[in-house]
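A.B. asks: Sharing a sequence plus its predicted fold:
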2 protein chains.
Amino acid sequence: MKPAAPQQLIEALNWRYATKVFDPSIKITAEVWSALEQALVLTPTSYGLQPYQFFIVQDAAKRAALLPNSWNQKQVVDCSHLVVLAARTEMTSADVTKWVAHISSVRGLPVASLDFYRDMMLGDIVNGPRGKMAHEWAARQCYIALGNLMTTAALLGVDGCPLEGINPSEYDKILDLSGSGFKTVVALALGYRGAGDKYASLPKVRYSSAKLVKMM
Amino acid sequence: MKPAAPQQLIEALNWRYATKVFDPSIKITAEVWSALEQALVLTPTSYGLQPYQFFIVQDAAKRAALLPNSWNQKQVVDCSHLVVLAARTEMTSADVTKWVAHISSVRGLPVASLDFYRDMMLGDIVNGPRGKMAHEWAARQCYIALGNLMTTAALLGVDGCPLEGINPSEYDKILDLSGSGFKTVVALALGYRGAGDKYASLPKVRYSSAKLVKMM
């Protein structure tokens, strides 16, 4: 694989910002969306368990209903693709069994050869101490996907606005997630910035490397 | 900004895997490390508050002490750069005041013009319902950084292994974080894969797009 130029990466991360105004007339093309979707799917997760689903809300009525549950941030209705990241409500032995079967099938390994791995997962995230906080553990995996997707989008020249200040339980109702085994965690509006977004040209504000990064 | 080719991105995300064996003789160059560090600093966070610090553990004695608190995963000692992501233990009004002052300084705005923004942060993550779970909120921001950093590393041809199965409180002791206002959340070993890592060539296993991504 030919690595990207460091400068290109940093330029993309400086170019991105939390987009306040999307141009509703510009849609992400099928080719670019396909790459974003593949990036989401390729997100690394703990044990590889992928304890999440991603809902792409394109229905106008659903988006309109989400708006008042998103502090009326217009990005929810104006963006090209609205991604809602939802995490498993709990982790069960069935989740682990299904995952082990999938690994076995893709890698052509006997299921029994994965017993040690299966027991490690069961003893941790199902029956172990982390089993009690499995939704929070799964929510953190959603945030890996969020970080991955925001960076990928920036590199593809796609604007985004992460939406943390949403009402997850109302989102769950509108997206009909009750009984699905998933709960809304966070959302990301993707599309293209509108010409009138004054935030696009403001200097980016971050603490310094010296404050954030400590060599020891 | 010239966007990256979608194919290049997907190739990088397919190339990466949770590296089990690092070649301890190959170090990340200063130029590449600088890009990784800048990427970390540029991570988007909720309100921009950056409620975290990143500790780069290069001291051999500290790494040796971390090893038994990392399920003896040798990546901890063999990688080029060991990044420990630590989140604020709580969020105080001082954190918000400092952040507002920093925005005011970088953007040349009167502090008073940010009063609305300040009050929104205080009413949410300090004194609001989320104030009680501020460490968890901050931990999720660490996971955005983790996702961003893993993707950035892959694009730069740098291998990584996320380490979730660590003992955070022992990490805190070894890194002397007591009283710092930060607690260990997760770690990421970065460097270059060793020739003998059989995991490098295994087929990547993910659930399908159809299972993970739902258009609605």
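C.D. replies: All right, it came through fine. Residues are numbered from 1 along each chain as shown, chains lettered A, B, ... in the order given.

A.B. asks: Nearest to chain B: which residue in chain A?
C.D. replies: Using Cβ to the nearest Cβ, the single residue of chain A nearest to chain B is A:Gly147, 2.4 Å away. Backbone N, C-alpha and C define where each C-beta goes, glycine included.

A.B. asks: which residue packs closest to that residue, ignoring adjacent ones?
C.D. replies: By the measure of Cβ to Cβ, 6 or more residues apart in numbering or on different chains, the closest residue to A:Gly147 outside its immediate chain neighbours is B:Gly147, 2.4 Å from it.

A.B. asks: and after the host helix or strand of the one you found, which helix or strand comes next?
C.D. replies: Assessed by DSSP states H and E, B:Gly147 sits inside helix B:134-155. Going down the chain from helix B:134-155, the next helix or strand is strand B:159-163, by DSSP H and E.

A.B. asks: List of residues touching that next one?
C.D. replies: The contact list for strand B:159-163 (Cβ atoms under 8 Å, 6 or more residues apart in numbering or on different chains) reads A:44, A:46, B:16, B:18-20, B:22, B:70, B:73, B:75-76, B:79, B:146, B:149-150, B:153-154, B:186-193.

A.B. asks: so where's the longest strand in chain A?
C.D. replies: For chain A, the longest strand by residue count, based on DSSP state E, is strand A:182-191.

A.B. asks: Could you list the paired strands of that strand along with their orientation?
C.D. replies: Strand A:182-191 has its sheet partners listed here by DSSP bridges as strand A:81-88 (antiparallel), strand A:159-163 (antiparallel).

A.B. asks: Output those as JSON lines; include the columns mean pLDDT and mean neighbour count.
C.D. replies: Output for these, formatted as JSON lines (pLDDT from 0 to 100; neighbours: other Cβ atoms under 10 Å in any protein chain shown):
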{"stretch": "strand A:81-88", "mean pLDDT": "98", "mean neighbour count": "25"}
{"stretch": "strand A:159-163", "mean pLDDT": "98", "mean neighbour count": "25"}
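
A.B. asks: just so I know, which of those lies nearest A:Arg130?
C.D. replies: Comparison of the strands paired with strand A:182-191 against A:Arg130 by Cβ to Cβ identifies strand A:81-88 as nearest, at 12.7 Å.

A.B. asks: helices and strands around the following helix or strand past the closest one, which ones?
C.D. replies: Remark: after strand A:81-88, the chain's next helix or strand is helix A:93-107, criterion DSSP H and E. Counting contacts by 3 or more Cβ pairs under 8 Å, 6 or more residues apart in numbering or on different chains; DSSP states H and E, helix A:93-107 packs against helix A:115-121.

A.B. asks: Would you mark the buried spots in the helix it packs on?
C.D. replies: A:118, A:120-121 (16 or more other Cβ atoms under 10 Å in any protein chain shown).
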